[in-house]
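Engineer: Here is my input; please provide its structure:
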Amino acid sequence: MTIYPERPEHPEIPEIPYPLAPERSLPRRTEPVVVPMVSMGGGDPWQQLTDQRRILVSGPLDRDTVTALSAKLMALDGESGRDVEIVINSSGGPLAEIFPVLDVLDLMRARANTTCVGSASGTAVALIAGGTGTRRSASNATFCLRINDRQTIEGTTTDIVRRAGELDALRGRYVATLAATTGLDDERLVAEIEHGRFLTATEARGLRIVDAVDDPASNTSRP
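Structural biologist: Next up, the predicted model:
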């Protein structure tokens, strides 16, 4: 880099013009910065996913999300008995909210294939494990069975005892549901739900949460 000194304050010395930075011609981008996951050849991308019988679940599994997911599954099942794919990247949600969509999966005539991309935590793991078709995971996906659904119980002693019993029963139902879909024993599941760490896709397959891990190098799924 060239440093030009300040011009001395002498009128007899002619002013030397400082050179201007050369103009730069920046190439204009002709392609999108990010390649979309679905074809953008026209129309609504969400509608295109629906046409492919594929549902993307991203974000918390709260009541609104589970209700919308259940409605979409029932609508697709009403249209055809062909397989439906649920792509999941979610941190889960309240324990009580996962059971309606799991019931819908069991009642559908169409098989529901589940795929985890990104991560699945809490009740999102139950949604993946509850798939009635192929249960897959992207190779870099992570899983955690730990439930962070903490509730404050208020009221009379009778109310607290009753509500505590309801929560224990709810957790017992959840453990039984995961045991049925994974084959894990209750003791292992309780330990994972209360203190579980993040698992790799391969570890999740070892716990039978998924059946296969996609191998991007060979474009196949490792059993």
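
Engineer: helix/strand/coil for the residue nearest the centre of the chain?
Structural biologist: With distances taken as C-alpha atoms, centre = their mean, the residue of the chain nearest its centroid is Asn89 (0.4 Å). For Asn89, the assignment made with DSSP: H, G, I helix; E, B strand; the rest coil gives strand.

Engineer: who does the top strand by length along the chain pair up with?
Structural biologist: Using DSSP state E to define each element, the chain has its longest strand at strand 112-121. When pairing is defined by DSSP bridges, strand 112-121 lines up against strand 84-90 (parallel), strand 135-137 (parallel), strand 142-144 (parallel).

Engineer: buried sites along that strand?
Structural biologist: Buried residues in strand 112-121, counted by 16 or more other C-beta atoms under 10 Å: Ala112, Asn113, Thr114, Thr115, Cys116, Val117, Ser119, Ala120, Ser121. No exception for glycine: its C-beta is placed from N, CA and C like everyone else's.

Engineer: State the distance from the residue nearest to the centre of the chain to Thr134.
Structural biologist: 18 Å (C-beta to C-beta, to the nearest Å).

Engineer: and what of Asp214?
Structural biologist: Going from Asp214 to Thr134 by C-beta to C-beta gives 11 Å.

Engineer: And those two? Which one has more around it.
Structural biologist: The neighbour comparison of Asp214 against Thr134 (other C-beta atoms under 10 Å) goes to Asp214, with 21 against 16.

Engineer: Quickly find the element holding that one.
Structural biologist: Here Asp214 sits within strand 212-215, counting by DSSP states H and E.

Engineer: That strand - contacts with which helices or strands?
Structural biologist: On a contact count with 3 or more C-beta pairs under 8 Å, 6 or more residues apart in numbering; DSSP states H and E, strand 212-215 meets strand 135-137, helix 201-206, strand 220-222.

Engineer: mean confidence score for the first one?
Structural biologist: Averaging pLDDT along strand 135-137 gives 97.

Engineer: Where does pLDDT dip in this structure?
Structural biologist: Low-confidence segments of the chain (pLDDT under 70): 1-52, 149-154, 216-223.

Engineer: top helix in it by residue count?
Structural biologist: Secondary structure of the chain read by DSSP state H shows that its longest helix is helix 157-182.

Engineer: Quick check: what element follows that helix along the chain?
Structural biologist: Next along the chain after helix 157-182, taking DSSP H and E as the criterion, comes helix 186-195.

Engineer: and that next one, what does it pack onto?
Structural biologist: For helix 186-195, the packing partners by 3+ C-beta pairs under 8 Å, 6+ apart are helix 157-182.

Engineer: Pull out the buried positions in the helix it packs on.
Structural biologist: Arg171, Tyr174, Val175, Thr177, Leu178, Thr181, Thr182.
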